[in-house]
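Asker: Next come a sequence and a model predicted from it.
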Amino acid sequence: MSRGAPDATTVARWREDVVFTESVRGCEFTFHTTWGIFSPRSVDDGSRLLLDHLDISSADNCLDVGCGYGVLGMAMAKLAPQGRTVMVDKDFVAVDYAKANCERNGLSNTEVFLSNGFNQIPKEYKFDLIVSNLPAKVGNEQHYLYLFDAFERLNPGGRFVVVTINGLRDFISRTFKEVFGNYDKLKQGKTYTVAQAIKQ
């Protein structure tokens, strides 16, 4: 092995779960994550910005698209205890961790599916609130699919709330208006923008 490579003890430690506890919207959660899942050592700034500007009612039925290890969905499940929160991700490792994190944190009003976007969510499920920490590099086609599918799955008056890097801000503004007929910028920070569209 070349000089500078990690030793066997370090490699073994990397194979163990990354575990941390953080407060999100006034609720304390313990998260187990692993390398290869987005932001494995702490709640990322984009997700925290979205949650800080998210209006949610206690009976909302919620959906987190691209849930990772579960930050957004778990927070919504806690804030909407009388509703159902569904979480989906196309990465089976993320889905396994999200399911386990819900169980560890005593969240019984959640369901987690392995799904490419919306395609594995039961057809009869409708939502009051859909959120996503939209990745920048999936391409415009995938973003449009998310928008059209979110519109289809929302109840009348339902909201689609996303956080993106600021470089996508103009694209999101335009496409929200195209698909939903409206766009509202909830918050723009140094790096991220939180935006909302309503199904009218």
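Answerer: Sure, I can see it. Numbering: from 1, shown residues only.

Asker: So, low pLDDT: which residues of this protein?
Answerer: Applying pLDDT under 70 to the chain flags the ranges 1-2.

Asker: and with 50 instead?
Answerer: The model of the chain has no residue with pLDDT under 50.

Asker: can you give me the helices in it?
Answerer: All helices of the chain, identified by DSSP state H, fall at 8-15, 45-52, 71-79, 92-104, 140-153, 169-180.

Asker: Among the ones you listed, show me which one is buried the most.
Answerer: Neighbour counts (mean count of other C-beta atoms under 10 Å) averaged over each of the helices of the chain peak at helix 71-79, with a mean of 26. Where you see a C-beta, it was placed from the backbone N, CA and C, and this is true even at glycine.

Asker: how much space between E16 and T34?
Answerer: 9 Å (C-beta to C-beta, to the nearest Å).

Asker: Those two - which one has more neighbours?
Answerer: Set E16 next to T34 and count neighbours by other C-beta atoms under 10 Å: T34 wins out with 16 against 9.

Asker: Could you export the helices of the chain to CSV, including columns for distance to R25?
Answerer: Output for these, formatted as CSV (distance: least, C-beta to C-beta, whole Å):
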stretch, distance to R25
helix 8-15, 31
helix 45-52, 5
helix 71-79, 5
helix 92-104, 16
helix 140-153, 22
helix 169-180, 23
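
Asker: So which of those helices is nearest V86?
Answerer: For V86, the closest of the helices of the chain is helix 71-79, at 7.5 Å, according to C-beta to C-beta.

Asker: what packs against the closest one?
Answerer: Counting contacts by 3 or more C-beta pairs under 8 Å, 6 or more residues apart in numbering; DSSP states H and E, helix 71-79 packs against strand 18-24, strand 27-33, helix 45-52, strand 62-65, strand 85-89, helix 92-104, strand 110-114, strand 127-133.
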